[in-house]
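Student: just coords:
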């Protein structure tokens with residue numbers, strides 16, 4: 001805006017100088033050519049340049065006519081220049097800021113699955129450069145005027161403001177973003193930024209910077225997926241470089257995928273990579289395959305469908321968790337059933353961080369089909385679901401003994417004891433009340449699975465039917481009709497949920513135990 005006003009002032013000064021020159025040029029011209037006085041010359045110049053035309057002071061000669069024509073043209077040019085400067089200056093000075101804001105808003109509204117970089121300092125500059133090289137969409141948030149000018153010159157998409165503010169994060173499209181980099185200079189600012197971002201988008205992948213080691217755990221608890229201390233990471237990288245460069249036969253382990261060192265891995269016939277595609281290696285072992293060498297020919301970033309053969313060499317970077325372990329044979333699959341996509345994504349991400357392999361479903365019927373198909377060790381089920389409620393889903397699963405090895409955890413916002421009782425009677429192993437602490441349900445799942453590993457007894461055993469006493473066989477040689485001995489009726493069994501018939505219109509609404517309490521010992525309401 002300041003640059004626009006300075007330009008407008010310069011243009012106006014040039015126009016004023018031109019008009020003054022034309023005025024004095026006309027005044028002295030009339031004085032020399034027609035013998036006018038200064039006042040008469042000034043008057044003739046004014047009415048000629050403005051095309052008012054009140055009439056000449058004295059009759060003009062032919063030379064005076066020609067001079068007046070030139071002066072009229074100079075007047076038209078002056079008016080045109082003045083109008084052009086004022087109109088263009090008004091648009092540039094008043095409307096350019098609004099037009100620029102509209103263009104920025106349009107670009108931001110088109111962003112999807114992008115990254116938000118908060119802070120454009122030394123660390124932020126390096127992160128942005130990596131995003132540019134990867135052709136990843138991003139937007140930068142910073143309130144430093146120097147950084148803003150640098151971003152403007154480079155053509156980056158950026159917002160000027162405090163990255164910890166909720167409004168500017170929403171303007172940056174945090175609801176549609178894929179990841180966020182909290183790279184502010186202050187650890188408390190990064191902590192507050194992570195808290196705000198996690199609340200606005202529970203499924204967002206957040207990587208934060210921490211200047212002090214003591215801040216790392218706090219930022220992780222605030223909701224960051226990963227925290228990096230630049231100075232420590234840089235020190236490890238430098239030490240690794242000097243050890244490798246000096247030929248030392250050591251290897252510095254690092255769990256930081258951002259500073260992992262690529263290396264060549266030979267593939268022989270016994271290798272676990274032989275016969276796999278580079279895409280399968282990336283997905284199953286979490287190794288990023290950067291290159292493939294086959295018969296002396298190198299291929300950079302091979303196609304994911306490229307099959308790896310014995311004799312090849314792979315240039316790869318190990319992922320954050322490394323290879324999915326072979327020694328751990330435990331089944332980590334987990335079905336999560338919830339109709340809220342935000343909560344579903346949040347729990348899927350949290351369970352994945354704990355080493356589980358989440359499988360999701362969005363309604364009761366889909367959850368039933370998924371659990372019966374996958375037979376996972378555990379399933380987390382929302383109480384309120386479309387098509388089939390959480391209690392109905394548990395009842396249908398427990399009706400099939402094939403699902404007895406699946407632990408069912410129901411989570412609900414209802415804190416009433418009656419709801420918990422109904423859920424447990426329907427077959428749930430545990431009921432967890434929803435709260436702001438999402439780790440509670442994770443701890444419950446882990447605890448139940450550990451208890452089940454120690455005591456792998458099925459949830460319920462089918463009740464065996466009472467033995468049927470057959471009457472003694474009739475002798476064929478006896479023509480007389482032999483009456484069967486009288487059957488001794490067993491004593492009446494106490495009322496139980498299995499001896500009650502629930503009307504079809506109440507199925508799923510009331511359970512069998514509640515039906516028993518309602519009818520009492522009335523024999524007419526029991527199953528014949």
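Tutor: That came through, no problem. Values in this document were obtained by computation on a predicted structure and should not be read as measured data.

Student: pLDDT weak spots in the stretch 351-500 of the chain?
Tutor: Applying pLDDT under 70 to the stretch 351-500 of the chain picks out residues 353, 435-440, 453-500.

Student: ok, which stretches of the stretch 151-300 of the chain are helices?
Tutor: For the stretch 151-300 of the chain, helices defined by DSSP state H, counting those that start in this stretch occupy the ranges 166-171, 187-200, 216-222, 230-245, 278-285.

Student: low-confidence ranges in the stretch 101-250 of the chain?
Tutor: For the stretch 101-250 of the chain, applying pLDDT under 70 flags the ranges 101, 233-250.

Student: tell me the buried residues in stretch 360-376?
Tutor: Buried residues in stretch 360-376, counted by 16 or more other C-beta atoms under 10 Å: 360-368, 370-371, 374, 376. The way it works is simple: take the backbone N, C-alpha and C, and place the C-beta from them, glycine included.

Student: also stretch 337-353?
Tutor: 337, 338, 339, 343, 344, 345, 346, 347, 348, 349, 350, 351.

Student: same check, this time on stretch 193-203
Tutor: So for stretch 193-203, counting by 16+ other C-beta under 10 Å, buried means 193, 194, 195, 196, 197, 198, 201, 202, 203.

Student: quick one, what contacts the second one?
Tutor: Applying C-beta atoms under 8 Å, 6 or more residues apart in numbering to residue 194 gives the contacts 182, 206, 208, 219, 222, 223, 224.

Student: what is the nearest of those to residue 73?
Tutor: Nearest to residue 73 among these is residue 182, at 64.6 Å by C-beta to C-beta.

Student: on that earlier part again, quick one: which of the buried residues of stretch 337-353 is nearest residue 40?
Tutor: Ranked by distance to residue 40 (C-beta to C-beta), the buried residues of stretch 337-353 are led by residue 345 at 86.5 Å.

Student: ok, the buried residues of stretch 337-353 vs residue 392, which is closest?
Tutor: Out of those, the member with the shortest distance to residue 392 (by C-beta to C-beta) is residue 337, at 11.8 Å.

Student: still on that earlier bit, winner for burial among the helices of the stretch 151-300 of the chain?
Tutor: Of all the helices of the stretch 151-300 of the chain, helix 187-200 carries the top mean neighbour count, a mean of 20, counting by mean count of other C-beta atoms under 10 Å.

Student: what about that one, distance to the chain center?
Tutor: Helix 187-200 sits 15 Å away from the centroid of its parent chain (C-alpha atoms, centre = their mean, to the nearest Å).

Student: ok, stretch 277-297 next?
Tutor: Distance, centroid of stretch 277-297 to centroid of chain: 27 Å (C-alpha atoms, centre = their mean).

Student: quick one, what contacts residue 30?
Tutor: Residue 30 sits next to 36, 40, 41, 44, 45, 64, 67 when contact means C-beta under 8 Å, 6+ apart.

Student: list the helices and strands the longest strand belonging to the chain packs on?
Tutor: Ranked by residue count and defined by DSSP state E, the top strand of the chain is strand 287-294. Taking 3 or more C-beta pairs under 8 Å, 6 or more residues apart in numbering; DSSP states H and E as contact, the helices and strands that strand 287-294 lies on are helix 278-285, strand 297-300, strand 313-318.

Student: let's have those in TSV, adding mean pLDDT and distance to residue 114.
Tutor: As requested, these are exported to TSV (pLDDT from 0 to 100; distance: least, C-beta to C-beta, whole Å):
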stretch	mean pLDDT	distance to residue 114
helix 278-285	76	22
strand 297-300	76	26
strand 313-318	74	23
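
Student: so which of these gets nearest residue 421?
Tutor: In terms of C-beta to C-beta, the element of the helices and strands packed on strand 287-294 nearest to residue 421 is helix 278-285, at 43.6 Å.

Student: okay, now the sheet partners of the host helix or strand of residue 381, with direction.
Tutor: According to DSSP states H and E, residue 381 maps onto strand 378-382. Using DSSP bridges, the strands paired with strand 378-382 are strand 333-337 (parallel), strand 407-412 (parallel).

Student: how far off centre is it?
Tutor: Worked out by C-alpha atoms, centre = their mean, strand 378-382 lies 23 Å from the chain centre.

Student: of all the helices and strands packed on strand 287-294, which one is nearest residue 381?
Tutor: Residue 381 lies closest to helix 278-285 among those, at 27.8 Å (C-beta to C-beta).
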